[in-house]
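Asker: fold the following for me, if possible:
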Amino acid sequence: NKEKEVNIKESLGIDDKKKIFLHFGSMSYRKGTLNILHAITSLSGGELGNCCFIFAGKVGDDIKERFYNLIDILKDKVQILVFDEFCPPPLLSSLCKICSAILAPYYNTAYSSGIVGYAANFHTPIVVPNEKFIGKLVRRYHLGYLLKDNSAKSIAGFIKDSDTFLTINGNRYMVTHTVDAFAQHTLLFEK
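Answerer: All right, here's what the predicted structure looks like:
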């Protein structure tokens, strides 16, 4: 409900007019986390003025030092919130409801991800590379935006050019991608 959304934005200190970009789950090289930070670094203060970035999830040891160095560089340039911890589902749900887009510039695009389910469930557009399986899912179910690749340049272009965001309907995805459907699909491969 709208009142809860306003309250969480208020409690996080996010202005209501800001575009909110969410990256969540475990933060690691393979999830493209650093590519997002490099994208932000390449944009001007003017291009970032009405943006807020939320990173919600445990920052992996493989990127921890570089992640926090970049956060430190960016902290005076743009609003960035970091929840470096296991984030319980109610927090992730609240963040999905208030964000403008979910950033998922993964390297491993051959597989699906639970993050696609979150996007569909909360009718929040997801941003993925237009590659392999994850790109195909987002394209087939009209769940968001497809980047040329997961480079900082592609991510920066999306951030800079996004003034309005798609309204997506994830119902068709949610109906066809239930736990039961997944189990049935898995059983077919085991036979």
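
Asker: in the one helix or strand L37 maps to, what counts as buried?
Answerer: Assigned by DSSP states H and E, L37 belongs to helix 33-42. Buried residues in helix 33-42, defined by neighbour count with 16 or more other CB atoms under 10 Å: T33, L34, N35, I36, L37, H38, A39, I40. C-beta here means a position set from N, CA and C on the backbone, and glycine is covered the same way.

Asker: then stretch 128-145?
Answerer: Those would be V128, P129, N130, E131, I134, L137, V138, Y141, L143, G144, Y145, for stretch 128-145 by 16+ other CB under 10 Å.

Asker: that's a helix at the fifth one, yeah?
Answerer: Which is I134. Yes - using DSSP: H, G, I helix; E, B strand; the rest coil, the assignment for I134 is a helix.

Asker: and the strands in the chain, which stretches?
Answerer: Here the chain has its strands, by DSSP state E, at 19-24, 51-56, 79-83, 101-103, 126-129, 144-147.

Asker: any chance of those strands in CSV with distance to K160 as columns?
Answerer: Output for the strands of the chain, formatted as CSV (distance: least, CB to CB, whole Å):
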stretch, distance to K160
strand 19-24, 11
strand 51-56, 10
strand 79-83, 16
strand 101-103, 13
strand 126-129, 13
strand 144-147, 13
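
Asker: among these, which is nearest A156?
Answerer: Closest of the strands of the chain to A156 is strand 144-147, at 10.3 Å (criterion: CB to CB).

Asker: with just CA atoms, put that closest one into CSV.
Answerer: In CSV, the C-alpha atoms belonging to strand 144-147 read as follows (Å, rounded to 0.1, in the frame of the first residue of the first chain):
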residue,chain,number,x,y,z
GLY,A,144,11.7,-5.1,-18.0
TYR,A,145,14.7,-3.8,-20.0
LEU,A,146,17.4,-5.6,-22.0
LEU,A,147,20.9,-4.1,-22.0
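
Asker: show me what it is packed up against.
Answerer: strand 101-103, strand 126-129, helix 132-140, helix 152-161 (3 or more CB pairs under 8 Å, 6 or more residues apart in numbering; DSSP states H and E).

Asker: ok, now with 6 Å
Answerer: strand 126-129 (3 or more CB pairs under 6 Å, 6 or more residues apart in numbering; DSSP states H and E).

Asker: the strand it packs on pairs with which strands, parallel or anti?
Answerer: strand 101-103 (parallel), strand 144-147 (parallel) (DSSP bridges).

Asker: please identify the most buried of the ones you listed.
Answerer: Mean neighbour count, computed with mean count of other CB atoms under 10 Å, is highest for strand 101-103 among the strands paired with strand 126-129, reaching a mean of 26.

Asker: picking that back up, which of the buried residues of helix 33-42 sits closest to L70?
Answerer: The shortest approach to L70 among these belongs to L37, at 4.1 Å (CB to CB).

Asker: ok, the closest one - contacts?
Answerer: L70 (CB atoms under 6 Å, 6 or more residues apart in numbering).
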